[in-house]
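Chemist: I'd like to go over a predicted model; first the sequence, then the structure.
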Amino acid sequence: MKCFERLVSQPIRDCLPPSFDPHQFAYRANRSTEDAIAITLHRALSHLENRKSYFADDTTVVGLISDGDEMAYREIEKLDRDKTLKELKEFKPGNPKVERVRILLHGPVGAGKSSIINSINNIFQGHITSEALADATGGHSFTKTYKTHYTRDPSNPTYKYAFVFNDTMGLEVDKDKGMPPEDILLALKGRVKEGYTFNPVSPLSENGPYYNKDPSLGDKVHCLVTVLPIDTLSLMPKEFFSKLRKIRLNASDMGIPQVVILTKVDEACQMVKKDIKKVYTSKYIKKQMETCNAQLGIPMNCIFPVKNYHKEIYVNNEIDELLLKALKHMINFANDYVMAVADKAH
């Protein structure tokens, strides 16, 4: 057995992407040898997403064809980037009591929450930015405090567009680690003040200085976004999905709309890595979207696969298109919510 391990260990390590910690399967909780083998097999066999590629075993040969517009599982409509940007820049909430719609991002450590904020800001600024500090190594959450991120007009930096993002500490499976779910629920209600430092073992207290006792509609969250890394989605334990599901149900009880953003599509599928436009023809991407639908109960039309800016040093229209489609839906859902609140008030 030891001889076999020595023979296969190096080829397996060669298949793992450089972004993975080489010790993550050996020393991280809820990670086993089976996890390492599963993700390595996925990487090794991802070529099956390409047209005319084959997999052979002892009994059969199966050809998988998944690329090409004729196989797209979601309607692909070419986005007019400039027109969409103009609409988003000119957007105003339908409720006069709300100056800007508020979008809250939450999800596991290393999912790319801060990178989404930066990537969207890149589009509006026309260059790579670092509005929300992000960490490329993962492990533990890089975001520690509750902060509102604005998107500004590059020609007039004092002017802020009518949508904001709030980033949160990463969620973890262990109870004493990561973002306390109680704090997420308080943030949804507008109870968390700007600058609050998250404490994994002690949620915000009603008597604390950062507890907002009288939140306005503008302080509350108008759209909840769950950010998940699609390349490791299949390795997430059921307990983690249960934690996300409970948060989603609480948000639903408050009437807050929800969206799921699946990041790292280029790391999950080689076909998409070669051509980002094929994100909606990849069977693997579709399967992971269906997993989110089944585990969280989020409708398929509220799940958006995207690629964040990571290695790029210039903005890219194809990356922007996926992000803008997701952002447009987030803002629409948030606006629907604040308008529904206004309707109830009359």
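Modeler: Done, it's in.
Chemist: Ala345 and Met339: what is the separation?
Modeler: Using C-beta to C-beta, to the nearest Å, one gets 11 Å for the distance from Ala345 to Met339. To be clear about C-beta, it is placed using only N, CA and C from the backbone, and glycine gets the same treatment.
Chemist: neighbour-wise, which of these two wins?
Modeler: A count of neighbours by other C-beta atoms under 10 Å puts Met339 above the other of Ala345 and Met339, at 14 against 9.
Chemist: Just grab the bridge partners of Tyr211 for me.
Modeler: Note on Tyr211: beta-bridge partners Val192, judged by DSSP bridges.
Chemist: Show the average pLDDT along stretch 91-110.
Modeler: Average pLDDT, stretch 91-110: 95.
Chemist: Show the end-to-end separation of that stretch, please.
Modeler: One end of stretch 91-110 sits 31 Å from the other (C-alpha to C-alpha, to the nearest Å).
Chemist: Buried residues in it, which are they?
Modeler: Under the neighbour-count criterion of 16 or more other C-beta atoms under 10 Å, stretch 91-110 has 91, 93-95, 98, 100-110 buried.
Chemist: try stretch 234-242
Modeler: For stretch 234-242, a neighbour-count test (16+ other C-beta under 10 Å) marks 235-236, 240-241 as buried.
Chemist: which ones are touching the closest residue to Pro180 other than its chain neighbours?
Modeler: Using C-beta to C-beta, 6 or more residues apart in numbering and skipping residues adjacent in sequence, the residue nearest Pro180 is Pro203, 4.3 Å away. Contact analysis of Pro203 by C-beta atoms under 8 Å, 6 or more residues apart in numbering lists 180, 182-183, 186.
Chemist: which of those residues lies closest to Ser119?
Modeler: Closest approach between the contacts of Pro203 and Ser119, by C-beta to C-beta: Asp183, at 24.8 Å.
Chemist: Run a quick neighbour tally on the closest one.
Modeler: Using other C-beta under 10 Å, Asp183 is surrounded by 22 other residues.
Chemist: where in the protein is pLDDT low?
Modeler: Along the chain, segments meeting pLDDT under 70 span 1-71, 73, 75-77, 131-142, 346.
Chemist: And the helices in it, which stretches?
Modeler: 2-15, 24-27, 33-45, 81-90, 113-125, 181-188, 238-253, 265-268, 270-274, 283-296, 317-345 (DSSP state H).
Chemist: looking at those helices, which is closest to Tyr210?
Modeler: Shortest distance between Tyr210 and these, using C-beta to C-beta, is found for helix 181-188: 9.8 Å.
Chemist: gap between the closest one and the chain center?
Modeler: Distance, stretch centre to chain centre, for helix 181-188: 18 Å (C-alpha atoms, centre = their mean, to the nearest Å).
Chemist: how's this protein carved up into domains?
Modeler: Under the assignment automatic domain parsing, the domains of the chain span 2-64, 82-345.
Chemist: of all the ones you listed, which lies closest to Ala72?
Modeler: Evaluated with C-beta to C-beta, the domains of the chain place domain 82-345 nearest to Ala72, the distance being 4.9 Å.
Chemist: For that closest one, measure first residue to last.
Modeler: Domain 82-345 has an end-to-end distance of 36 Å (C-alpha to C-alpha).
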